[in-house]
Structures are given as C-alpha cells and as structure tokens.
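[1] following is a predicted model, sequence given first.
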Amino acid sequence: MSITKKRLAPIHSSRPLLFVLPAAILFLIFYMVPAFLTLRYSLTRWDGYSPDVEFVGLQNYQTLITADPVFTSTVSNSLRFMLVVVVFQTLFSLILGLMLVRNTKTGVALRTLYFFPTILSSISVGLIWLFMYDPFFGLINYIFREVGLTTFQPSWLGNEKIALYSLAATQVWFHTGQMMVVYVAGLQQIPQELYEAASVDGANAWRKFVSITWPLLLPTTILVMAYTTLQSFRAFELVWSMTQGGPGGSTEILPTLIYRTGMLNLNVGLATAQSVVFMLLIFSVFWIQRRAVKLTT
C-alpha cells in the first residue's frame, strides 16, 4: 500500500507577526499612548479637570530648572535616598547571599525569615516602622534607654537631618531579603570546580571572591542595582505613609512631589513635566551605574 505524502503548505511570512500583535496593541495602549500624553501635557497649563488646556511650550521645564528650589531640593533628596538604599541594600543582600548560599535546613529557614518583609505591603511596613521610630514609645529608643544611652534618643522622623536616612534604613530592611534571593540564585550558578582549582593554587577566601565570585556575579549585581534603584525611586507609599514628605520637605522625593503637584495642587502640566524629568533622571542613573560596575571588573 502506497502512502501519499502531503506537501506542507508554506507558512506565510506575515503570520508570525500575528502572535505578537496582541502584546503590541497592549503596549501601544498602556505605554506608548500614556507616554505621548505625558509629553503633550507637560507643555501645557492644566488643572486636570477643566476642558481648557493652555499651551505654554517649555515654560514648565524652564520653571523646574531655573525657578523652582523645591524641585531642586527634591531631586537632591531622591538621589541621596537612592544612593544610600542602593549601596547598603546591595551590600547586605550580597553578604546574606554569601552566608546562605548552601541549601541546608538552617540556610533555607533563614532565607525565608529574611525574605518575609518583602511579602508585606509598603503601607504595612510604613506603619510598623512608624511605631519603631516613635521617640517616646518606639522600640528603637526603648532599647537605647535600656542599655543606658538615654542621651541618644533622637526623633528619627522629626529631625530634618536624619529623617531621610531613617526612611532609607526602612527601605533597605524592606527589600534586602528579596535581593538576597537573587544573589543566592547567581551564586549557585557558579561552577564549584573553579573554587576547587583556586584552592589547589593556594588562593584564600578573599582572592576567590575577587577573582571568581565578583566577576561572575557582575550580571547579577547589575540586575540587583537596577532593580534596587527603581524600587528606591518608586518608594511613594512608604514615604507618604510615614512622613508625607516632612518635616520641612526633608523627605520629599520625586514621586511624592509629583503627586502633591498634580493631585493636591491641581497643576497637572507642571506635574507631568516633573514626571518627564524624573524618567530622564532614572535613565541617567541606570547608565552611570552600569558604567561604574563595569569599571570595577
């Protein structure tokens, strides 16, 4: 009995594009259109409600750069907050990853413990640390009193000089466990044969870290720093639930300023201009970080 072989119909060259069409439509609607509208409204004076939209050109950007000291100080706050969070969160998560890389029962249990804060909401973390930082009833000042440091009981969120760094410490506590898991995954991908060969050559622990661990963790570190940067720039809920930008604007970061300008002061045009500058700032920081990490290898 002969078997008739059917020739397969050729696949039309445009058919694969149909598979990406739904995602492309969603990207266009939810990303490109809002981005275009943001650029458009940043060139206007508008309260967000009235039908009258006044075109003012680059006036909003000129105001931000030359005549808005609040915006300048807020950019400084955002960069200092980001720098502290990125440095300490990356460092602590790397240390924890190195300590807990082995899949022992104790290691897995400690990983779960350190990862636990990540599953909490930002508002919950803010409320928890509001109690921790309370100058009269908070746990931190209570510990200082118990060990005899009665003179060192600052108002952690009421002092303009340390409030921003108190929020940064909360942010680090919040997400270090999450980045620890990323580092553990990166460390477990490094072949153990490299460490065995280094041991045969007489390399100590520091030399193994410098010559093997750190270079091979470069892609993981870039990912951790980029994600941590984005987290610190998007820490709106945490800052708003704890200080709302106070005292005296010392903890005002760009997301809270944009919310205050657009939603509370009803100046949507200026708020969207702040958003555009904010995005440019994020891209600039990402580029600088990538270059800085590569220079260390």
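    That came through, no problem.
[2] which residue ranges of the stretch 1-150 of the chain form helices?
    Here the stretch 1-150 of the chain has its helices, by DSSP state H, counting those that start in this stretch, at 15-27, 33-41, 59-66, 69-99, 105-115, 122-133, 139-146.
[3] so how far is the first one from its chain's centroid?
    When distances are taken as C-alpha atoms, centre = their mean, to the nearest Å, helix 15-27 is centred 30 Å away from the chain's centroid.
[4] do the same with the longest one
    For helix 69-99, the distance from its own C-alpha centre to the chain's C-alpha centre is 9 Å (C-alpha atoms, centre = their mean).
[5] what do you get for the third one?
    Here helix 59-66 shows a centroid-to-chain-centroid distance of 27 Å under the convention C-alpha atoms, centre = their mean.
[6] list the helices and strands that helix packs on?
    Helix 59-66 is packed against helix 268-295, with contacts defined by 3 or more C-beta pairs under 8 Å, 6 or more residues apart in numbering; DSSP states H and E. The C-beta positions use only the backbone N, C-alpha and C, and glycine is treated the same way.
[7] repeat the analysis, applying 10 Å as the threshold.
    Taking 3 or more C-beta pairs under 10 Å, 6 or more residues apart in numbering; DSSP states H and E as contact, the helices and strands that helix 59-66 lies on are strand 44-45, helix 69-99, helix 268-295.
[8] could I get the helices of the stretch 1-150 of the chain as TSV with mean pLDDT and distance to residue 292?
    TSV is the format used below for these (pLDDT from 0 to 100; distance: least, C-beta to C-beta, whole Å):
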stretch	mean pLDDT	distance to residue 292
helix 15-27	85	31
helix 33-41	91	28
helix 59-66	91	26
helix 69-99	95	11
helix 105-115	92	27
helix 122-133	94	28
helix 139-146	88	33
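[9] the ones you listed into a markdown table, with extra columns for mean neighbour count?
    Formatted as a markdown table, the helices of the stretch 1-150 of the chain follow (neighbours: other C-beta atoms under 10 Å):
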| stretch | mean neighbour count |
| --- | --- |
| helix 15-27 | 10 |
| helix 33-41 | 13 |
| helix 59-66 | 16 |
| helix 69-99 | 18 |
| helix 105-115 | 13 |
| helix 122-133 | 18 |
| helix 139-146 | 14 |
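[10] residue closest to the middle of the protein?
    residue 231 (1.7 Å; C-alpha atoms, centre = their mean).
[11] what sits closest to it if chain neighbours are left out?
    residue 175 (5.7 Å; C-beta to C-beta, 6 or more residues apart in numbering).
[12] what is the neighbour count of that neighbour?
    For residue 175, the tally of surrounding residues (other C-beta atoms under 10 Å) stands at 23.
[13] which helix or strand contains it?
    helix 163-187 (DSSP states H and E).
[14] show me which positions of that helix end up buried.
    For helix 163-187, the neighbour count (16 or more other C-beta atoms under 10 Å) marks 163-164, 166-184, 186-187 as buried.
[15] now do residue 277 against residue 252, distance only.
    As judged by C-beta to C-beta, to the nearest Å, residue 277 and residue 252 stand 15 Å apart.
[16] between those two, who's got more neighbours?
    Neighbours were counted for residue 277 and for residue 252 using other C-beta under 10 Å; residue 252 has more, 23 against 19.
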